[in-house]
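>>> model this:
(one chain, ligands or ions: 1)
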Amino acid sequence: MSSGDRGLNVGVLTGGGDCPGLNAAIRAIVVKGERRYGDEVVGFLDGWRGLLEDSTMALASATSSELVTVGGTILGTSRTNPFSVDRGMDRISQTVSSHSLDALIAIGGEDTLGVAARLWEEGGIPIVGVPKTIDNDLSGTEMTFGFDTAVQIATEAIDRLRTTAESHHRVIVCEVMGRNAGWIATYAGIAGGAAEILVPEEPFEIDEVCDRLRKRHNGGKFSSVVVIAEGASARSDSPGLALGGSQGGTPAGGMDEFGHIRLGGIGSLLAEEIERRTGFESRVTILGHIQRGGTPTAYDRVLATRYGVAAIDSVHTGAFGTMVALQAGKIVRVSLAEASGNAKTVDPELLHDVAEVFLG
Ligand code: F6P
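Below you'll find the model as predicted:
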C-alpha cells in the first residue's frame, strides 16, 4: 500500500524489555507523522497486550522535546506473546480494523519483531519494525538503541569497582546483561580495562580463568575486575561451577511467554569459585536493570530519533514487513524475518583480536 499524500492512521507499540531511547523513537514517529504527513498516531499500551485488549493512549502530546531525554517508555511494555494466547492473531487483526489502521510500528527486540514478522507474513498486517534492545543482539543492524547507554552505565560501574577492588586487593566480578550475546560485556570490558571478559558465545573454563588471574596477581597486580554476561556459561569440564538452564547462565526463576528463563546469578557462582580456587578475596556486583533505566546517552537519542523518522517514512512508502536498520552509518531497511532470525553474536575478531589482547 502506498499512501500518496493522504494522512494515515498509524499505531505504535513498544514490546519486550524497555530501554533508554524508546520515548525518543515514539516522539520521532509522532512528530514526523503528524507534521510532515498529516498522520494520526495512536499508541497501544504494554506491547502486544495493547493490541490484544485494545488499550490505547493518544499520542498528540508526545511531541515535546523533553521526551527525548526520558528513559523507559510512555506506552509501557510487556513480554506478551499473541501466539501463545487463544485467537491472538484474529484479535490483533480486529483491533487493527476497528481503529482503521493503515499501519503498525512495532518497536522491539527479537521477540517483539518475531511476532511482527509472523503477523505480516501470516496475517498480512501492515507492520514496520524499529530495533531496540540493550543487548544489541538483533540481526540486520549494526546497532540497536539502548545499547550505548547500557555500555556507558556498565563502564562507569567497572571504573568504580576498579578503585574499591584495588584498595582491598580483591577480585570483583561484575555481571552485566546479555542473554544470547556478550556485546555489553565486551564493550564495557574493553572500555573499563577488565582483566577477564566472559561471554555467552564462548563457554569458559574455570581453571583457565583462575590460572590467568593467578598469573596476573603474581605479576604485580593485586586486584582484578572480571566482567561476565548473564548468559555466559562454564564448559562442562569446569567442575565446581554448578550451572543450570539450557541457555547458559543461571536461571533466577520463572519463564516468559517466549520461553526464556529469567537469568541472573552466574557472577555470584563465579566469584565464589574464584575465591575457593585461588584464595583471592572476591566479591560480586550484579548490575541488572540499572543498565536499562534512566536517561539515554546522546548517541541513543539520535539513533532512536533516526529510526523513528525512518519508520514513518517506511510506512508512507509501503515498506511493510521490514525493519529500519543501521548499516555503515546509514539507515536502511531489512526484512523483519531476517532481523528476528538468529541472534547477532559478538564478532570473534572483536573478542580475539582486540579484547583478548588486554586480558589477564
Ligand atoms: O531486554 C533484554 C534483557 O535486558 C536481557 O538481557 C535480560 O535477560 C532481560 O532483558 C531481563 O528482562 P526482564 O526485565 O524481564 O527481567
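>>> so which helix or strand takes in Thr285?
strand 282-286 (DSSP states H and E).
>>> in the stretch 251-360 of the chain, what residue comes closest to the ligand?
Nearest residue of the stretch 251-360 of the chain to the ligand: Leu263, at 4.9 Å (CB to the nearest ligand atom). In this view, the C-beta of every residue, glycine as well, is placed from N, C-alpha and C.
>>> these two touch, right, that residue and Gly231?
Yes - counting by CB atoms under 8 Å, Leu263 sits close enough to Gly231 to count as a contact (5.9 Å).
>>> residues in this structure within reach of the ligand, list them.
Contact residues (CB under 6 Å from any ligand atom) of the chain with the ligand: 16-17, 109, 133-135, 177-179, 230, 262-263, 292.
>>> tell me which of those is nearest to the ligand?
Gly17 (2.6 Å).
>>> tell me, how many neighbours does the closest residue to the closest one other than its chain neighbours end up with?
Spatially, and ignoring its direct neighbours in sequence, Gly17 is nearest to Arg292 (6.3 Å; CB to CB, 6 or more residues apart in numbering). Applying other CB atoms under 10 Å, we find 21 residues neighbouring Arg292.
>>> was I right to think Arg292 contacts Ala154?
No - between Arg292 and Ala154 there is no contact under CB under 8 Å: 11.1 Å.
>>> and the worst-scoring helix or strand of the chain on mean pLDDT, what does it pack onto?
For the chain, the helix or strand with the lowest mean confidence is strand 251-255, at a mean of 77 (criterion: mean pLDDT, DSSP states H and E). Helices and strands touching strand 251-255, by 3 or more CB pairs under 8 Å, 6 or more residues apart in numbering; DSSP states H and E, are strand 261-263.
>>> just after the strand it packs on, pick out the following helix or strand.
In the C-terminal direction, the helix or strand that comes right after strand 261-263 (DSSP H and E) is helix 266-278.
>>> ok, and what's touching stretch 47-54?
By CB atoms under 8 Å, 6 or more residues apart in numbering, the residues outside stretch 47-54 that reach it are 11, 13-16, 43-44, 55-56, 75-82, 85, 88, 91-92, 95-96, 98, 104, 108, 112, 115.
>>> tell me the buried residues in that stretch?
47-52 (16 or more other CB atoms under 10 Å).
>>> nearest to the ligand, of these?
Distances from the ligand to the buried residues of stretch 47-54, taken by CB to the nearest ligand atom, are shortest for Gly47, at 11.6 Å.
>>> got the phi and psi for the closest one?
phi 70, psi -140 (degrees, to the nearest 10).
>>> quick one: which of Leu263 and Gly231 has more around it?
Ranked by neighbour count (other CB under 10 Å), Leu263 and Gly231 place Gly231 first, with 25 against 22.
>>> now do the same for the nearest residue to the more buried one once chain neighbours are set aside: helix, strand or coil?
Distance criterion CB to CB, 6+ apart; nearest residue to Gly231, sequence neighbours excluded, is Pro200 at 3.8 Å. Going by DSSP: H, G, I helix; E, B strand; the rest coil, the secondary structure assigned to Pro200 is coil.
>>> these two touch, right, Pro200 and Ala181?
Yes - the pair Pro200 / Ala181 is scored as a contact, 6.3 Å apart, by CB under 8 Å.
>>> for Ala154, give its distance to Gly71.
Note on Ala154: its distance to Gly71, by CB to CB, to the nearest Å, is 15 Å.
>>> so for these two, which residue has more residues nearby?
Remark: of Ala154 and Gly71, Ala154 carries more neighbours, 27 against 19, as counted by other CB under 10 Å.
>>> skipping its backbone neighbours, what lies nearest the more buried one in space?
Closest to Ala154 by CB to CB, 6+ apart is Ala188, at 3.6 Å.
>>> this completes my enquiry, with thanks.
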